[in-house]
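Engineer: A structural model of the following input is requested.
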Amino acid sequence: MTTQKNLSIAHAWFEAFNTHNLEKLLSLYDNDAEHFSPKLKIRHPETNGLVKGQDALRTWWQDAFERLPSLQYKVTSLTANSDRVFMEYIRNVDNEEAMLVAEVLEIKEGLIVASRVYHG
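Structural biologist: Predicted structure coming up:
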């Protein structure tokens, strides 16, 4: 993949997330994709922060969109190469302090195969 194509995947990711379009978001991921998040580890300790596959991703994000209807991400920086995008953004939710987040998307053949979230 080219750097530009991977950046376009990241932009589509933010658009889908900020409109809470779960189907569009999932369409960016490989069927067997893995996702790690500290928030996941807190809410579902049995996962140790890691979920695998689109069914698990669907369950996780559907819950987030329902619990946090005001959830929005504001991009502050995107850096890409031929197989990943490093994203920095601010997580905003009504009545919560804004949170600085970094996330890495690993991309193969035009789909996200892994994502890892880091909180600042």
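
Engineer: next SSE after the longest helix anywhere in the chain?
Structural biologist: For the chain, the helix that runs over the most residues, judged by DSSP state H, is helix 3-18. Helices and strands here follow DSSP states H and E; after helix 3-18, the next one along the chain is helix 22-27.

Engineer: Centroid-wise, who is the farthest residue in this structure?
Structural biologist: residue 95 (21.6 Å; Cα atoms, centre = their mean).

Engineer: next one: phi and psi at that one?
Structural biologist: Note on residue 95: its backbone torsions stand at phi 70, psi 20 [degrees, to the nearest 10].

Engineer: Likewise for the one 3 residues further on?
Structural biologist: The phi/psi pair for residue 98 (degrees, to the nearest 10) reads phi -60, psi 140.

Engineer: Mind exporting the C-alpha coordinates of the longest helix of the chain to PDB?
Structural biologist: Provided in PDB are the C-alpha atoms of helix 3-18 (Å, rounded to 0.1, in the frame of the first residue of the first chain):
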ATOM      1  CA  THR A   3       1.400   6.100   2.200                       C
ATOM      2  CA  GLN A   4      -1.400   8.200   0.600                       C
ATOM      3  CA  LYS A   5      -3.800   5.200   0.500                       C
ATOM      4  CA  ASN A   6      -3.100   4.500   4.100                       C
ATOM      5  CA  LEU A   7      -3.800   8.100   5.000                       C
ATOM      6  CA  SER A   8      -7.100   7.900   3.100                       C
ATOM      7  CA  ILE A   9      -8.000   4.800   5.300                       C
ATOM      8  CA  ALA A  10      -7.200   6.800   8.400                       C
ATOM      9  CA  HIS A  11      -9.400   9.700   7.200                       C
ATOM     10  CA  ALA A  12     -12.300   7.300   6.400                       C
ATOM     11  CA  TRP A  13     -11.800   5.800   9.900                       C
ATOM     12  CA  PHE A  14     -12.200   9.200  11.600                       C
ATOM     13  CA  GLU A  15     -15.300  10.000   9.400                       C
ATOM     14  CA  ALA A  16     -16.900   6.600  10.300                       C
ATOM     15  CA  PHE A  17     -16.100   7.000  14.000                       C
ATOM     16  CA  ASN A  18     -17.300  10.500  14.300                       C
END
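
Engineer: I'm done for today, thanks for sticking with me.
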